[in-house]
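Asks: here is a sequence together with a model predicted from it:
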Amino acid sequence: MTDLVPVRRALISLSDKSGLEDLAAGLARHGVEIVSTGGTAAKLRECGASVRDISDLTGFPEMMDGRVKTLHPKVHGGLLGVRDNPEHVAAMEQHGIAPIDLVVVNLYPFLNTVMSGADRGTIIENIDIGGPSMVRSAAKNHAHVAIVTDPADYAALLAEVDEKGGTSLEFRKKLAAKAFALTAAYDSTISQWFAFADQGERWPETWTISSRLKMPLRYGENPHQQAALYVPLGPTARGIAQAEQVQGKELSYNNLNDANAALELVSEFREGPPTVVIVKHANPCGVATRDSLLEAWKEALACDSVSAFGGIVATNRPLDAATAEAISAIFTEVVVAPEADEDARAIFARKKNLRLLLTGELPDPSRAGQTMAVITGGLLVQDRDKGMVTRDQLKCVTKRQPTEQEVRDCLFAWSVAKHVKSNAIVYAKDGVTAGIGAGQMNRRDSARIAAIRAREAAEANGWPEPRTVGSAVASDAFFPFADGLLAAVEAGATAVIQPGGSIRDEEVIAAADEAGLAMLFTGMRHFRH
């Protein structure tokens, strides 16, 4: 296998022509013969480069609206011929096939065409055939051919040729790996369009998903696990992965996972008044809606100040100085917000380890999409939980009807419970979480733990009684027995919101009636594992 390969002949065919002038000038310095196609050849000539048309190389004109121009033995023979194989060399000489040492290709903008709303015919015409064929041929024969598919690599290519007089095997191997990743991602995007947009399939037989490395992370959930952040190549909602990190230490796997949980929850309130969410280990430990972010922060923190230490804070409004000062008063790992004013940024800057992430906008909680989880030997895929209920969809199943305030508290608690690990119980009063119970093996214990949190909060803040007294309680799934409901009654809840649907619903409703509670059924469950 050859190490250094001089670049004597290059084939250039580009959709994205950025950086072409510098590339052409660099190749000209080394006397490289340039063969090119259509619009790329015209652009090269505008740059003053000497260019040989592809039709001159193949002996055939470009035809069929450019569909057939590089699909020819004199192109692919020049790319695939093994230079140190006597039989290959003899065949090339016999058929007048000249070797091609460098291919610079990028592909028709299929994804951009789809996203522009183009008609089906235009989309089909933007499926590149010749480009991927050349890329794959050159990448396969990387022992002798360099394949460049990204304008960002032009500088490295020219540096390689300037310094070494050609391309090294190590460099060509890296380019080949990148080239095959490009064609794989390109075909993945096309296959998804055919399956989902064109054919309307729900679960295609084969589903390939492409993503690009954004950054390696320090480690995974634990220091002995490696981790990295990837972002989809196709269209996606703007979220934590796209947020601007204004300051702070490098983000960890857990930081990103928790920050995402906080952003997803605060996005439920993106159209509402100022709201603050505090998350710890992917579970909310305090949520509050108030007239100002500062008041919302104080109320969210009061719910569980112990768990909030070292937590993640998310807001649905741009951060101001007063709120930033208050948040900075306790140890906080990450703060997520749509924006932050200059005073808020300056205040956070004093906490050099605190990560400040600005999202620009909050994702739409009702957006479509899928979530995925890796299991041994497989991948679980499901629709993301975008289910919501309105007050008109609520069904009161008890003798007592809820008051207007109880309905508001029920819906607030229900929105929070959707983002709490199951089994989930959330007490809420006047737009503030009073106690949250998460991730327990039975619902009764979640109700009890949430009540304990509320009692501790009352003691810490000097309140005369826990905020669970007179609260609404939300359960992410039905009460299988009355014991969970009775724990909520003991905590002082006066209204309940739950999906319903248990074979013991009548028993639970009877217990609610006996306690004088109002209970609403949603008909929708929000398990989160």
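Replies: Everything's here; your move.
Asks: now the farthest one out in this structure, which residue is it?
Replies: For the chain, the largest distance from the centre (CA atoms, centre = their mean) belongs to Gln94, which lies 53.1 Å off.
Asks: looking at it now. What's its pLDDT?
Replies: For Gln94, the pLDDT comes out at 85.
Asks: now it: how far from Gly81?
Replies: Plainly put, Gln94 is 12 Å away from Gly81 if you go by CB to CB, to the nearest Å. Every residue, glycine included, has its C-beta placed from N, CA and C.
Asks: what ranges does the stretch 101-250 of the chain have for its helices?
Replies: Counting by DSSP state H, counting those that start in this stretch, one finds helices in the stretch 101-250 of the chain at the ranges 110-115, 120-125, 130-140, 154-164, 169-192.
Asks: low-confidence ranges, this structure, go.
Replies: Residues of the chain meeting the criterion pLDDT under 70: 1-2, 56, 58-71.
Asks: now do 80
Replies: Scanning the chain for pLDDT under 80 picks out the ranges 1-2, 55-76, 89, 92.
Asks: so where do the strands sit in the stretch 401-529 of the chain?
Replies: Ranges of strands in the stretch 401-529 of the chain, per DSSP state E, counting those that start in this stretch, are 425-429, 432-437, 472-475, 495-498, 518-521.
Asks: reformat those as TSV; add distance to Val103 and mean neighbour count.
Replies: Below are the strands of the stretch 401-529 of the chain laid out as TSV (distance: least, CB to CB, whole Å; neighbours: other CB atoms under 10 Å):
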stretch	distance to Val103	mean neighbour count
strand 425-429	59	31
strand 432-437	58	30
strand 472-475	60	32
strand 495-498	62	29
strand 518-521	64	24
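Asks: nearest to Leu319, of these?
Replies: Minimum separation from Leu319 across the strands of the stretch 401-529 of the chain (CB to CB) falls at strand 432-437, 19.8 Å.
Asks: ok, and what's touching the closest one?
Replies: Applying CB atoms under 8 Å, 6 or more residues apart in numbering, the external contacts of strand 432-437 come out as 283-290, 299-300, 302-304, 413, 416, 420, 423-428, 445-454, 457, 466-468, 471, 491.
Asks: out of these, which are buried?
Replies: Applying 16 or more other CB atoms under 10 Å to the contacts of strand 432-437, the neighbour count classes 283-290, 299-300, 302-304, 413, 416, 420, 423-428, 445-451, 453-454, 457, 466-468, 471, 491 as buried.
Asks: just those: which are in helices?
Replies: 299-300, 302-303, 413, 416, 445-451, 453-454, 457, 491 (DSSP state H).
Asks: returning to what we had before: just the helices of the stretch 101-250 of the chain: most buried one?
Replies: Among those, the stretch with the highest mean neighbour count (mean count of other CB atoms under 10 Å) is helix 130-140, at a mean of 22.
Asks: and it, how far from the chain's centre?
Replies: Centre-to-centre, helix 130-140 and its host chain are 30 Å apart (CA atoms, centre = their mean, to the nearest Å).
Asks: just list what it packs against, helices and strands only.
Replies: Helices and strands touching helix 130-140, by 3 or more CB pairs under 8 Å, 6 or more residues apart in numbering; DSSP states H and E, are strand 9-13, helix 73-80, strand 102-105, strand 146-148, helix 169-192.
Asks: apply 6 Å and report the result again.
Replies: Based on contacts counted as 3 or more CB pairs under 6 Å, 6 or more residues apart in numbering; DSSP states H and E, the elements that helix 130-140 packs against are helix 73-80, strand 102-105, strand 146-148, helix 169-192.
Asks: Gly48 is nearest to which of the strands of the stretch 401-529 of the chain?
Replies: strand 432-437 (67.7 Å).
Asks: format the helices and strands packed on helix 130-140 as TSV; extra columns: distance to Gly117.
Replies: Listed next are the helices and strands packed on helix 130-140 as TSV, based on distance: least, CB to CB, whole Å:
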stretch	distance to Gly117
helix 73-80	34
strand 102-105	27
strand 146-148	31
helix 169-192	16
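Asks: and the helices in the stretch 301-450 of the chain?
Replies: Using DSSP H, counting those that start in this stretch, helices in the stretch 301-450 of the chain cover 305-308, 321-327, 342-349, 404-417, 443-461.
Asks: which of the residues in the third one are buried?
Replies: By 16+ other CB under 10 Å, the buried positions in helix 342-349 come out as Ala344, Arg345, Ile347, Phe348.
Asks: just the shortest one next, same as before
Replies: Taking 16+ other CB under 10 Å as the basis for neighbour counts, the residues of helix 305-308 that come out buried are Ser305, Ser307, Ala308.
Asks: and for the fourth one?
Replies: Buried residues in helix 404-417, counted by 16+ other CB under 10 Å: Glu406, Val407, Arg408, Asp409, Cys410, Leu411, Phe412, Ala413, Trp414, Ser415, Val416, Ala417.
Asks: how about JSON lines for these, with distance to Pro86 added?
Replies: Converted to JSON lines, the buried residues of helix 404-417 look like this (distance: CB to CB, whole Å):
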{"residue": "Glu406", "distance to Pro86": "88"}
{"residue": "Val407", "distance to Pro86": "85"}
{"residue": "Arg408", "distance to Pro86": "84"}
{"residue": "Asp409", "distance to Pro86": "84"}
{"residue": "Cys410", "distance to Pro86": "82"}
{"residue": "Leu411", "distance to Pro86": "79"}
{"residue": "Phe412", "distance to Pro86": "79"}
{"residue": "Ala413", "distance to Pro86": "78"}
{"residue": "Trp414", "distance to Pro86": "76"}
{"residue": "Ser415", "distance to Pro86": "73"}
{"residue": "Val416", "distance to Pro86": "73"}
{"residue": "Ala417", "distance to Pro86": "73"}
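Asks: tell me the one of these nearest Val114?
Replies: Out of these, the member with the shortest distance to Val114 (by CB to CB) is Ser415, at 33.8 Å.
Asks: can you tell me which residues contact the closest one?
Replies: Counting by CB atoms under 6 Å, 6 or more residues apart in numbering, Ser415 makes contact with Glu268.
Asks: and if you look at Ala139?
Replies: Ile147, Ala176, Ala179, Phe180.
Asks: for those, which two are the farthest from each other?
Replies: So for the contacts of Ala139, where distance means CB to CB, the most widely separated pair is Ile147 and Phe180, at 9.3 Å.
Asks: export the contacts of Ala139 as JSON lines, with columns for distance to Val75.
Replies: Shown next, in JSON lines, are those (distance: CB to CB, whole Å):
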{"residue": "Ile147", "distance to Val75": "13"}
{"residue": "Ala176", "distance to Val75": "18"}
{"residue": "Ala179", "distance to Val75": "16"}
{"residue": "Phe180", "distance to Val75": "19"}
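Asks: and the buried residues of helix 404-417, which is closest to Ala368?
Replies: Ser415 (19.0 Å).
Asks: distance check, the closest one against Ala472.
Replies: According to CB to CB, Ser415 stands 12 Å off from Ala472.
Asks: ok, now Ala195?
Replies: 43 Å.
Asks: just Gly130 next, same as before
Replies: Between Gly130 and Ala472 the computed distance is 63 Å (CB to CB).
Asks: before we move on, what about Trp193?
Replies: The value you get for Trp193 to Ala472, if CB to CB is used, is 45 Å.
Asks: cool, Ala424 as well?
Replies: From Ala424 to Ala472 the distance is 14 Å (CB to CB).
Asks: can you check Cys303 too?
Replies: For Cys303, the distance to Ala472 - CB to CB - is 15 Å.
Asks: cool, Pro235 as well?
Replies: As for Pro235, its distance to Ala472 is 38 Å (criterion: CB to CB).
Asks: so what's Ala159 up against?
Replies: Here Ala159 is in contact with no residue (CB under 6 Å, 6+ apart).
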